[in-house]
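*Asks:* pasting the sequence and the predicted model now:
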Amino acid sequence: MKPVCVLGNGQLGRMLRQAGEPLGIAVYPVGLDAEPEAVPYQQAVITAEIERWPDTPLTEILARHPGFVNRDVFPRLADRLTQKRLLDTLKLATAPWQSLESAEQWPEVFRSLGELAIIKRRVGGYDGRGQWRLRESDVNTLPQDAYGAAIVEQAIAFCGEASLIGARDRHGRCVFYPLTHNLHQEGILRASVALPKPDARLQRQAETMLSAILNALDYVGVMAMECFIVGDSLLINELAPRVHNSGHWTQNGASISQFELHLRAVLDLPMPKPSVFSPSVMVNLIGTDVNPRWLSLPLVHLHWYDKEVRPGRKVGHLNLNHASVETLCDTLAHLKPMLDGDYHASIDWAIETLKENE
């Protein structure tokens, strides 16, 4: 099989490499500043773990590489303006929005979008960075360089957040995992819960929406669609053209992980629908040191990224899955005191979500 070069050498590239090893697929996560002669890209399939990158000797070569899958999709979805325009063209529901070009727009913005505005930089923002929640009295706090480089959305009163991880092969066939329920705090994903039997109505709606996007882009590989749950409907929040944090539970909770599924898709290997037999929970480890005590719980799978621990930085995650919701909740209850107090609310949320959907 052809080797796969991953543009970006963070934790997603690392986990793609790990997923390729049992299949005999050589996966090379490469830093953006790598010397081109050190990267075996000539006969490789090229993919990416990031949506945008600077011009470097390596990225300039890869930008012209015929094996770069989804090459033209990345810049389109990396910019929130062109991403929103795509969703509007496909008539897929999102929060009402508009481009933010100047401070003179504010009276009309609050008239049309309501008293609370969500401002997002068009490119570069992630995990809550480059985003602001502003009322009319706060607009002077917005950095001047955001004008002309941001969109503004209506604040949505949602009852939950969910994401759908799906993949499309070169022949147009799409497969999906069950909807994942997510909890964010300050824009960072704290925990996810996936159930083998999700709400059928929401699952159908999500699959219809993501299928339309994948097919419109002629996309190949895994894509994540983050949504707000509003009543019995979904509003699309953001798209990620890659493997995604909210799909990490698939490493231990599905017959094929999102990382393996992505490799299968870009290499044109068989891509059956992954089987999911039990509920799963993923807990993000953010700015915390590793604790060997976690491993005393038999359901806990530790995925450590071997990164320097810094406040607000994702340094690993814990996956837990079991056919019994009661057993899973009991393990989470034992895990809770082994984590800092910042995690307690997300553990409580995961237990509540499991019990509500049992």
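*Replies:* Now that the structure is in, tell me what you want to look at.
*Asks:* quick check: the gap between Ala146 and Ala95.
*Replies:* Using CB to CB, to the nearest Å, Ala146 is found at 18 Å from Ala95. Every residue, glycine included, has its C-beta placed from N, CA and C.
*Asks:* actually Val152, not the one I wrote
*Replies:* Counting by CB to CB, the gap from Val152 to Ala95 is 10 Å.
*Asks:* which residues do the two both contact?
*Replies:* Ile118 (CB atoms under 8 Å, 6 or more residues apart in numbering).
*Asks:* these two: who's more crowded?
*Replies:* The residue with more neighbours, out of Val152 and Ala95, is Val152; 24 against 19, by other CB atoms under 10 Å.
*Asks:* Tyr158: which element?
*Replies:* Check again: residue 158 is Phe, not Tyr. Using DSSP states H and E, Phe158 sits within no helix or strand.
*Asks:* by contact count, what packs against the lowest-mean-pLDDT helix or strand in the chain?
*Replies:* When each helix and strand of the chain is scored by mean pLDDT, DSSP states H and E, helix 57-62 comes last, with a mean of 89. Helices and strands touching helix 57-62, by 3 or more CB pairs under 8 Å, 6 or more residues apart in numbering; DSSP states H and E, are strand 4-7.
*Asks:* beyond the strand it packs on, next helix or strand please.
*Replies:* helix 11-20.
*Asks:* give me the nearest residue to the residue most central in space within the chain, chain neighbours excluded.
*Replies:* Nearest to the mean C-alpha position of the chain, by CA atoms, centre = their mean, lies His244 at 3.3 Å. Once flanking residues are discounted, His244 sits nearest to Ala224: 3.4 Å by CB to CB, 6 or more residues apart in numbering.
*Asks:* what angle separates whatever helix or strand the one you found lives in from helix 11-20?
*Replies:* Assigned by DSSP H and E, Ala224 belongs to strand 221-230. Strand 221-230 and helix 11-20 are oriented at 120 degrees to each other (axes from the mean of the first three to the mean of the last three CA atoms, to 10 degrees).
*Asks:* against which helices or strands is strand 221-230 packed?
*Replies:* So strand 221-230, by 3+ CB pairs under 8 Å, 6+ apart, packs with strand 160-168, helix 200-216, strand 233-240, helix 258-266.
*Asks:* just the angle for that strand relative to helix 200-216, thanks.
*Replies:* Going by the same axes, to 10 degrees, strand 221-230 makes 140 degrees with helix 200-216.
*Asks:* ok so, going back, how about the helices and strands packed on strand 221-230 in TSV, adding distance to Thr288, mean neighbour count and mean pLDDT?
*Replies:* Shown next, in TSV, are the helices and strands packed on strand 221-230 (distance: least, CB to CB, whole Å; neighbours: other CB atoms under 10 Å; pLDDT from 0 to 100):
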stretch	distance to Thr288	mean neighbour count	mean pLDDT
strand 160-168	22	24	98
helix 200-216	31	17	98
strand 233-240	24	20	97
helix 258-266	23	26	98
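*Asks:* now render these as a markdown table, adding distance to Arg71.
*Replies:* Output for the helices and strands packed on strand 221-230, formatted as a markdown table (distance: least, CB to CB, whole Å):
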| stretch | distance to Arg71 |
| --- | --- |
| strand 160-168 | 16 |
| helix 200-216 | 16 |
| strand 233-240 | 16 |
| helix 258-266 | 12 |
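*Asks:* so which of these is nearest Pro107?
*Replies:* With distances scored as CB to CB, the stretch of the helices and strands packed on strand 221-230 nearest to Pro107 is strand 233-240 (25.2 Å).
*Asks:* helix 200-216 and that closest one, what's the angle between them?
*Replies:* For strand 233-240 against helix 200-216, the angle by the same axes, to 10 degrees is 40 degrees.
*Asks:* what residues does strand 233-240 touch?
*Replies:* 51, 77, 80, 83, 87, 92-95, 156, 158, 161-162, 202, 205-206, 209, 213, 223-228.
*Asks:* mind listing what Gln323 touches?
*Replies:* Not quite, residue 323 is Ala, not Gln. 277-279.
*Asks:* helix, strand or coil: sort out it for me.
*Replies:* Here Ala323 is recorded as coil under DSSP: H, G, I helix; E, B strand; the rest coil.
*Asks:* centre of the chain to stretch 34-49, how far?
*Replies:* Relative to its chain's centre, stretch 34-49 lies at 24 Å (CA atoms, centre = their mean, to the nearest Å).
*Asks:* buried sites along that stretch?
*Replies:* 34, 39, 41, 44-49 (16 or more other CB atoms under 10 Å).
*Asks:* start to end distance for that stretch?
*Replies:* 15 Å (CA to CA, to the nearest Å).
*Asks:* ok, residues contacting it?
*Replies:* So stretch 34-49 is contacted by 2-10, 12-13, 16, 28-30, 57-58, 61-62, 65, 67-71, 74, 221, 242-243, 262, 266-267 (CB under 8 Å, 6+ apart).
*Asks:* and if we set it to 6 Å?
*Replies:* With CB atoms under 6 Å, 6 or more residues apart in numbering as the test, stretch 34-49 has contacts from 2-8, 12-13, 30, 57-58, 61-62, 65, 67-69, 242, 266.
*Asks:* try stretch 191-201
*Replies:* Residues outside stretch 191-201 that contact it (CB under 6 Å, 6+ apart) are 178-183, 246, 249, 276, 279-283, 346, 350, 353, 357.
*Asks:* ok, now stretch 86-97?
*Replies:* Looking at stretch 86-97 with CB under 6 Å, 6+ apart, the contacting residues turn out to be 84, 113, 151, 153-154, 156, 209, 212, 216, 235-236.
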